[in-house]
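J.: Build the 3D model from these lines:
(chains A and B)
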Amino acid sequence: MALGIGNLLLHKLRSFLTMLGVVFGVGSVVAMLSVGEGASKEALEQIRKLGSNTIIVSTIKSAEEQSTTMVHSHMSIYGLTYDDFSRISETFDSVTEAVPAKIITKEARLGEKSLDIRVVGTTSGWFDLVRRPVLAGRVLLPSDLAQQSAVAVLTEYGARRLLATENTIGQNLRIGGDYFEVIGIVKSEGGMAGNIQIPDQRVDAYIPINVARLYIGDVVTRRTAGSREREMVELHQIITEVDSSENVEPTAAGITAMLSRFHNKKDYTVSVPLALLRQAEATKRTFNIVLGSIACISLLVGGIGIMNIMLASVTERTREIGIRRAIGAKRKQIIVQFLIETVVLSTAGGIIGIAMGVLIPVVITQLAGMPTVITPQSIVLPLVISLGVGIVFGLYPAVRAARVDPIVALRHE
Amino acid sequence: MGAEPRAMNETTIVRLKDVCKIYEMGTYKVEALDHISIDFKAGGFWAVMGPSGSGKSTMLNILGCLDRVTSGNYFFEGRNISSFNDDALSELRLKCIGFVFQSFNLIPQLTVRRNIELPLYYLGWDADDSSERAGELAAGVGLGDRLEHRPTELSGGQMQRVSIARALANDPKVILADEPTGNLDTATGDQILDLLADLNEKGKTIIMVTHEPHIAARASARLHMKDGLIDSIEED
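T.: This is a model prediction of the structure:
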């Protein structure tokens, strides 16, 4: 072993360059695995946060609506309705709670600062289902809806953009043409979980839904180049909680069936986070398989590089092999000598690759804020494989070395 | 195990009996050795001479177990080793034979010490013992102070002395030298011969190939070869 390492150190530059193939192969795989693991972990956590027992029904603009070319004051009516909400919350026994949401973009003004924010008209149930820690004040209560109070809860993100502080509680937020009292600030959570948008991403203010209906209404007018579009959407989202995980998918199926009966176009989607969780895990598995394949290819390339260099090394050291054999070294001993050199090379490359592969995600997490996770497998596996690569690709050159005829070798060069 | 030859002398170290060596080059055959028979006695100092193509190098290779006879028998210390496989021959070389080459054949990346230790490494000696022995051997050839040098830092004569020290490391039964003074000037060559003669006096059997008559004169017996045959033998 010492002999092998000694020989490699003698040709430091060459050894280093040979190792690079394995280093990059291993390093990139470890780094990619960590990033992938981190991304999927975040996605999974987001999905879990929604509760594995929730069903999210969202309004979408159906294909027909989007492609309509009618001019002037065409008004499109689509999406979930208040009736849909009643049906969902009342006809399904497994639904423990249902929360409607109306999402509108409106210009808001707090003190001196005004900007477009997203307003969510909803009930107090929202804060049960979409759990957010309260930073200041309070959330909506049933009494707010009962009394039709013009109150608003800001998200932390929204509060920051409106330059609101904890002391803003009690001040007036002007939404559209109406004034709402700011009663609380909650922590924002945002992001994508799989392919559903978590309800309050970039949402800035929550107001009671009946108040929203009253003051803002269901019709939204948009002026685009050349024409004026009017849309009537009653509800943008209905979030329901189901009593148990077993009932989630049947309930979702039931809701889908019910909606299809009452809607003549597909202007809604039903998302089941639980299903998404499973899908995300399946995606992760596929991703890992793809990564594994890439790893195999890059290690193959690295291995071939090593084999190439070792073959050149054997040729260069033909005389030396002849001398060793003349002294009495057996073929097997020559094989072992060269094999050890190759294995040391590939394993050292693997270790450096792992070090690099571990460092890069850490740097990424620091700079880009993306989470990364380093698992023990993503370290042990590449190490074992780089060892294997050394043995497999080192065997041929080592056998070639052993086959050298001492008499011929001693005359070499 | 082969049949014991009829008049086997107890002091015969190596014996070739009716040995032929044929090389095939494509369709042609080259008969390098043509039915050679000879006994080399223990403690002898032989010089093998002859023009190129006479078979002297071939015979040395066979004696050194680097090559095998095509037909005939090779007895080493009474044992017929003609059909030994590669591993067995390697073992025999390791334990019983020491080589000295014309171009020294030291490993350039290793120090003098490590070069001398090489046979001991393959014999499985532990590091301390082997280091000690290397020191002794180096001192024995007058290079005790050069142990940590590399071959590139040595003169030709010094390198050959290291070779000889290496050849002695395994305490061989026979030392085989192939043109040991070929790459050296006359004065240095003589020094090397002094060393070899000294070893011979201490009991080492030496078989040396050379084409220089004044070098051959230092040996106690001279074998002349021609066209794969032994032409003549003269003993002092």
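J.: Point out the other helices and strands that the helix or strand containing residue A:408 packs with.
T.: For residue A:408, the element it lies in under DSSP states H and E is helix A:406-411. With contacts defined as 3 or more C-beta pairs under 8 Å, 6 or more residues apart in numbering or on different chains; DSSP states H and E, helix A:406-411 has these neighbours: helix A:318-327. Every residue, glycine included, has its C-beta placed from N, CA and C.
J.: list the helices and strands the helix it packs on packs on?
T.: Against helix A:318-327 (3+ C-beta pairs under 8 Å, 6+ apart) you get helix A:331-368, helix A:406-411, helix B:86-96, helix B:112-123.
J.: Let me see the contact set for residue 172.
T.: If you meant another chain, say so; for now it's chain A. A:110, A:179, A:180, A:181, A:182 (C-beta atoms under 8 Å, 6 or more residues apart in numbering or on different chains).
J.: Correction: the question concerned chain B.
T.: B:95, B:96, B:97, B:98, B:204.
J.: Can I have the buried ones of those as a ChimeraX selection?
T.: To isolate the buried members of those in ChimeraX, using 16 or more other C-beta atoms under 10 Å in any protein chain shown:
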select /B:96,97,98,204
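J.: pLDDT of whatever helix or strand residue A:108 lives in, averaged?
T.: Residue A:108 belongs to strand A:95-110 when assigned by DSSP H and E. Average pLDDT, strand A:95-110: 87.
J.: what's the burial count for the closest residue to residue B:100 other than its chain neighbours?
T.: Closest residue in space to residue B:100, ignoring its immediate chain neighbours: residue B:177 at 4.1 Å, by C-beta to C-beta, 6 or more residues apart in numbering or on different chains. Residue B:177 has 27 neighbouring residues, counting by other C-beta atoms under 10 Å in any protein chain shown.
J.: Direction included, what does the host helix or strand of residue B:177 pair against?
T.: Assigned by DSSP H and E, residue B:177 belongs to strand B:174-178. For strand B:174-178, the paired strands and their directions (DSSP bridges) read strand B:97-100 (parallel), strand B:205-209 (parallel).
J.: can you tell me if the helix or strand residue B:17 falls within touches chain A.
T.: Using DSSP H and E, residue B:17 sits in strand B:12-25. No. Using C-beta under 8 Å from any C-beta of the partner chain, strand B:12-25 stays clear of chain A, coming no nearer than 11.1 Å.
J.: Not counting its own residues, what contacts that strand?
T.: Contacts for strand B:12-25 (C-beta under 8 Å, 6+ apart): B:5, B:8, B:29-42, B:44, B:55, B:58-59, B:62-63, B:67, B:69-78, B:173-174, B:205, B:207, B:228.
J.: quick one on the thing from earlier: out of the contacts of residue A:172, which are inside strands?
T.: A:110, A:179, A:180, A:181, A:182 (DSSP state E).
J.: For the first one, give me its contacts.
T.: When contacts are counted by C-beta under 8 Å, 6+ apart, residue A:110 is found next to A:162, A:163, A:164, A:168, A:171, A:172, A:173, A:174, A:182.
J.: For it, name its beta-bridge partners.
T.: Where residue A:110 sits in a bridge, its partners, by DSSP bridges, are residue A:113, residue A:173.
J.: With the last one instead?
T.: Beta-bridge pairing of residue A:182, defined through DSSP bridges, involves residue A:152.
J.: What segments of the stretch 201-350 of chain A are helices?
T.: Assigned by DSSP state H, counting those that start in this stretch, the helices in the stretch 201-350 of chain A fall at A:209-215, A:245-262, A:273-316, A:318-327, A:331-368.
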